[in-house]
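[1] Structure for the following, please:
(one chain, ligands or ions: 1)
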Amino acid sequence: MFNSLIETFINYFGGSSEGIRVFKAPGRVNLIGEHTDYNGGFVFPAALTMCTTVLARPRSDRKINLIATDLKQMVNADLDNLDQYKSLKWGNYQLGVADELQKAGYPLCGCDLLYEDKVPLGSGLSSSAAIEIATALALVSLGYTANGTDREIDMTELALISQKAEHNYVGVKCGIMDQFASAMGKKDMAIFLDCRDLSYELVPLKMNDYKLIISNTNKKRSLGEGKYNERRRECEEGVSMLQKALPGITYLREVSVQDFLKHGNLLTDEVIKKRVKHVVYENERVIESVTALKNNDLITFGKLMNQSHDSLRDLYETTGKELDTLVDEARKIDGVLGSRMTGAGFGGCTVSLVHNDSIEKFIKQVGEEYKKRIGYSPSFYISEIGDGGREEV
Ligand code: GLA
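    Just a heads-up that it's a prediction; the model follows:
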């Protein structure tokens, strides 16, 4: 199955297939619960079958060499000097993970790594988390073998370390949702995750005659990262304004709808008020969505998806014309129960709940109308829900 990748690996790094191990970690789609994770709130993502695959082989020195199937230039790094690679355009996620793993006390060994990325980059489907988790798993597995450790790998810890890499190495102050979903996903299950204490429940995705269709705006994200950190700061400001009445809170997650209605007047800045309102109600929508899905009530779930998008458009302001156009066109089609942006926003993808009989029409009509209105075509994927990070044996 991995023959051609093994061949590519040997072309770059020499030797034979002996000692090459294969690791995979997926992207994710978030069903609902957007921009709630860094507020200590609830999210409801599922891992996709689209993955980053890493072929890895230990070396006897302390070098770490990285290449990807779609890149020409190899990155050669030194495990004992990982501070110097932060500005790399490609390779910084991987080396950031290596750096944080070592800081957390993991014994790493030198290695050669070949990447194949099947999660569309910058699309809001967590291509970066897929790279991070696949890297973390490969580095820790090789390190444990080299050191004769037979400790079980703690995937939640790898998720937290990967998140740290993104904060400290890449500079995006992301929440834990993406890394957690990529590490802990299960086939045909969504993860109802409480981001305050990382307790979670796997909820079977029974979609009856419906499918989750992902539509990619194909808009290249640029300002996204800056705006992302800005939203996070606005939420923190909201917390400090509300602390005057609710001194015990540290996260917006601890603000209920009732609290918001009672103390919303403390949010004297209109923008901050809108951000807080989104987070407070979005957390409620996650809980309601989990119940709806458990009751096989796709109609209610679809309505909640729509409300989530509208709130992200009007209150949190993370959509933009491309995402709004996709959602707008999707909702015009009979057989679509709900449609919303997924991930950070500012471009990226939407997820829509579409009846099997309407999928063809959906792809044709949304595709054509989007092209007319935006000027270029979107892409579509039927989400298949797969397992989280793993070694292929
Ligand atoms: C990005 C971040 C996540 C989360 C989403 C928005 O994907 O990496 O932590 O905040 O945006 O829900």
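[2] what's the burial count for the residue lying closest to residue 255 once chain neighbours are set aside?
    Spatial nearest neighbour of residue 255, chain neighbours left out: residue 280 (5.4 Å); criterion: CB to CB, 6 or more residues apart in numbering. C-beta coordinates here come from the backbone N, C-alpha and C atoms, glycine included. The burial count assigned to residue 280 is 23, neighbours taken as other CB atoms under 10 Å.
[3] which helices and strands sit right next to the lowest-mean-pLDDT helix or strand in the chain?
    Sorting the helices and strands of the chain by mean pLDDT, DSSP states H and E puts helix 224-242 at the bottom, at a mean of 92. Applying 3 or more CB pairs under 8 Å, 6 or more residues apart in numbering; DSSP states H and E, we find helix 224-242 packed against helix 270-294.
[4] list the buried ones in the helix it packs on?
    Neighbour counts over helix 270-294 (16 or more other CB atoms under 10 Å) mark 272-280, 282-283, 285-290, 292-293 as buried.
[5] swap in stretch 253-270?
    253-255, 259-260, 263-264, 266-267.
[6] what does stretch 160-179 give?
    In stretch 160-179, counting by 16+ other CB under 10 Å, buried: 160-166, 169-170, 172-179.
[7] do stretch 299-310 as well
    Those would be 300-309, for stretch 299-310 by 16+ other CB under 10 Å.
[8] at contact distance from the ligand, anything in it?
    No. Interface with the ligand: stretch 299-310 contributes nothing (CB under 6 Å from any ligand atom), its closest point being 10.3 Å away.
[9] Count the residues that sit near residue 62.
    Residues contacting residue 62 under the criterion other CB under 10 Å number 14.
[10] how is the chain carved up into domains?
    Per automatic domain parsing, the domain ranges recorded for the chain read 3-202+387-392, 206-382.
[11] Next to the ligand, which bits of the protein? Give me the list.
    34-35, 37-38, 174-175, 177-178, 343-344.
[12] Among these, which lie within helices?
    177-178 (DSSP state H).
[13] Max pairwise distance over the residues of the chain next to the ligand: which two?
    Using CB to CB, the residues of the chain next to the ligand reach their maximum pairwise distance at 38 and 343, which is 13.4 Å.
[14] okay, these two: which has more neighbours?
    residue 343 (27 against 23).
[15] State the number of residues packed around the closest residue to the more buried one other than its chain neighbours.
    Nearest non-adjacent residue to residue 343, counting by CB to CB, 6+ apart: residue 124, 2.9 Å away. Burial of residue 124, expressed as a neighbour count using other CB under 10 Å, amounts to 28.
[16] Start the count at 54 instead of 1 going forward.
    With 54 as the first residue, the last one maps to residue 177.
[17] my guess is the residue nearest to residue 308 meets residue 309, correct?
    Yes. Using CB atoms under 8 Å, residue 333 is in contact with residue 309, at 7.2 Å.
[18] Next, show the common contact partners of those two.
    Both residue 333 and residue 309 lack any common contacting residue under the criterion CB atoms under 8 Å, 6 or more residues apart in numbering.
[19] follow-up on the earlier one: export the buried residues of stretch 306-323 to CSV and tack on secondary structure and pLDDT?
    Formatted as CSV, those follow (DSSP: H, G, I helix; E, B strand; the rest coil; pLDDT from 0 to 100):
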residue, secondary structure, pLDDT
306, helix, 98
307, helix, 98
308, coil, 98
312, helix, 98
313, helix, 98
316, helix, 98
317, helix, 97
319, helix, 98
320, coil, 98
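[20] Just name the closest of the residues you listed to the ligand, please.
    Nearest to the ligand, judged by CB to the nearest ligand atom, of these is residue 306 at 12.9 Å.
[21] If we ignore the residues flanking it in sequence, what's nearest the closest one?
    residue 93 (3.7 Å).
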